[in-house]
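Undergrad: all I have is the shape, not the residue letters:
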């Protein structure tokens with residue numbers, strides 16, 4: 001079969017977000033934003049690995065010919081887009097991964113905050129948005145933007161060869177307990193109860209101060225279906241962090257120490273994600289909320305803040321990575337909400353708890 005050709009019409013890193021209130025014919029405002037395409041590339045790479053069936057894969061880097069191709073709006077036409085595709089050659093074929101307009105939600109929220117600042121929109125008001133963009137030299141693997149307003153540091157990525165473990169997914173699911181809402185679109189993630197208990201113990205010991213760590217493990221391929229899934233093998237408490245009641249900061253020394261510990265363990269593990277605590281019980285005490293209000297305050301610590309999202313986007317951009325929050329509140333006690341990538345957007349997700357792998 002002859003090799004297919006790549007689309008020639010590709011998007012630049014800059015798009016325009018157009019925000020609308022109750023009147024769909026009258027925009028509240030518009031703003032050009034610089035889009036970070038990296039999560040989309042990472043999602044497409046993982047899906048390509050998933051569909052290949054191979055036990056050897058390239059973890060990062062991708063093909064330098066990867067491109068973001070517009071999906072022009074079916075009714076509005078150019079320059080409005082209803083989504084895009086990440087297109088890349090793979091083994092003589094062209095692999096395509098489609099994304100909808102929800103991918104642009106973080107930048108739409110940024111624009112809405114700007115409109116509130118300018119008093120063009122009420123705080124908390126609902127809005128819709130449209131995206132328009134123009135073809136250009138192209139957003140590809142060699143040209144990717146950092147998130148708008150968040151260039152605090154840079155990370156140099158390297159291409160790694162990855163060996164996937166062969167495991168039986170059906171047997172693991174049968175012996176595991178679901179935690180949270182399991183979305184069939186998400187890659188299954190297994191986490192040992194011992195790691196949850198260790199994270200909870202660390203969170204409770206830290207009291208009113210946030211704490212956290214890294215989740216180590218392996219990517220696996222199912223014996224029968226070939227489906228990809230992740231197994232967390234352990235958690236490592238993060239050293240050299242700075243923290244207070246509402247923020248945990250991982251320093252360069254933190255990541256260096258975690259890398260050293262991974263090498264010392266000698267288990268060929270990946271950093272599959274991270275965890276941190278939300279001491280919601282202490283937040284209530286500091287605010288001096290009446291005890292009856294504390295007991296009614298549901299899920300007060302089960303969220304993923306903008307700061308959390310920034311760290312996950314910059315450090316944990318691979319599509320298989322997850323973030324666990326250990327929340328301790330009066331209403332619910334210790335709970336374990338998990339977040340991860342879904343079609344290039346950070347969403348809450350479920351996972352599976354094992355008694356041992």
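TA: Here it is on my side, so go on. Model, not experiment: these values are computed from the prediction.

Undergrad: how about the closest residue to residue 208 other than its chain neighbours, secondary structure?
TA: Excluding its sequence neighbours, the residue lying closest to residue 208 (Cβ to Cβ, 6 or more residues apart in numbering) is residue 282, at 3.8 Å. Backbone N, C-alpha and C define where each C-beta goes, glycine included. Following DSSP: H, G, I helix; E, B strand; the rest coil, residue 282 is assigned to helix.

Undergrad: toward the C-terminus, what is the element adjacent to the worst-scoring helix or strand of the chain on mean pLDDT?
TA: Every helix and strand of the chain was ranked by mean pLDDT, DSSP states H and E. The lowest is strand 56-58, at a mean of 66. Downstream of strand 56-58, the first helix or strand assigned by DSSP states H and E is strand 67-72.

Undergrad: so after that following strand, what's the next helix or strand?
TA: strand 80-90.

Undergrad: show me what counts as buried in that next one.
TA: Neighbour counts over strand 80-90 (16 or more other Cβ atoms under 10 Å) mark 80-81, 83-88, 90 as buried.

Undergrad: pLDDT weak spots in the protein?
TA: Applying pLDDT under 70 to the chain picks out residues 1-8, 56-64, 90-92, 137-161, 295-296, 298-299, 357.

Undergrad: I'd like the buried residues of strand 80-90 laid out as JSON lines, including distance to residue 169.
TA: Below are the buried residues of strand 80-90 laid out as JSON lines (distance: Cβ to Cβ, whole Å):
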{"residue": "80", "distance to residue 169": "41"}
{"residue": "81", "distance to residue 169": "36"}
{"residue": "83", "distance to residue 169": "30"}
{"residue": "84", "distance to residue 169": "31"}
{"residue": "85", "distance to residue 169": "29"}
{"residue": "86", "distance to residue 169": "26"}
{"residue": "87", "distance to residue 169": "29"}
{"residue": "88", "distance to residue 169": "27"}
{"residue": "90", "distance to residue 169": "24"}
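
Undergrad: may I ask which two of the residues you listed are separated the most?
TA: Checked with Cβ to Cβ, the buried residues of strand 80-90 reach their widest spread between 80 and 90, with 29.5 Å between them.

Undergrad: which residues in the stretch 101-250 of the chain form strands?
TA: Remark: strands assigned in the stretch 101-250 of the chain by DSSP state E, counting those that start in this stretch are 128-135, 161-163, 165-167, 177-179, 189-192, 212-222, 228-237, 242-243, 248-249.

Undergrad: so who does residue 72 touch?
TA: 78, 80-82 (Cβ atoms under 8 Å, 6 or more residues apart in numbering).

Undergrad: using TSV, lay out the residues you listed together with distance to residue 233.
TA: Shown next, in TSV, are the contacts of residue 72 (distance: Cβ to Cβ, whole Å):
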residue	distance to residue 233
78	49
80	46
81	41
82	41
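
Undergrad: residue 99 against residue 41, yeah?
TA: No: Residue 99 lies out of contact with residue 41 (Cβ atoms under 8 Å); the separation is 10.6 Å.

Undergrad: quick one: common contacting residues for the two?
TA: What both residue 99 and residue 41 touch, as defined by Cβ under 8 Å, 6+ apart, is the set residue 86.

Undergrad: which one of these two has more residues nearby?
TA: residue 41 (27 against 21; other Cβ atoms under 10 Å).

Undergrad: quick check: phi and psi on that one?
TA: phi -60, psi -40 (degrees, to the nearest 10).
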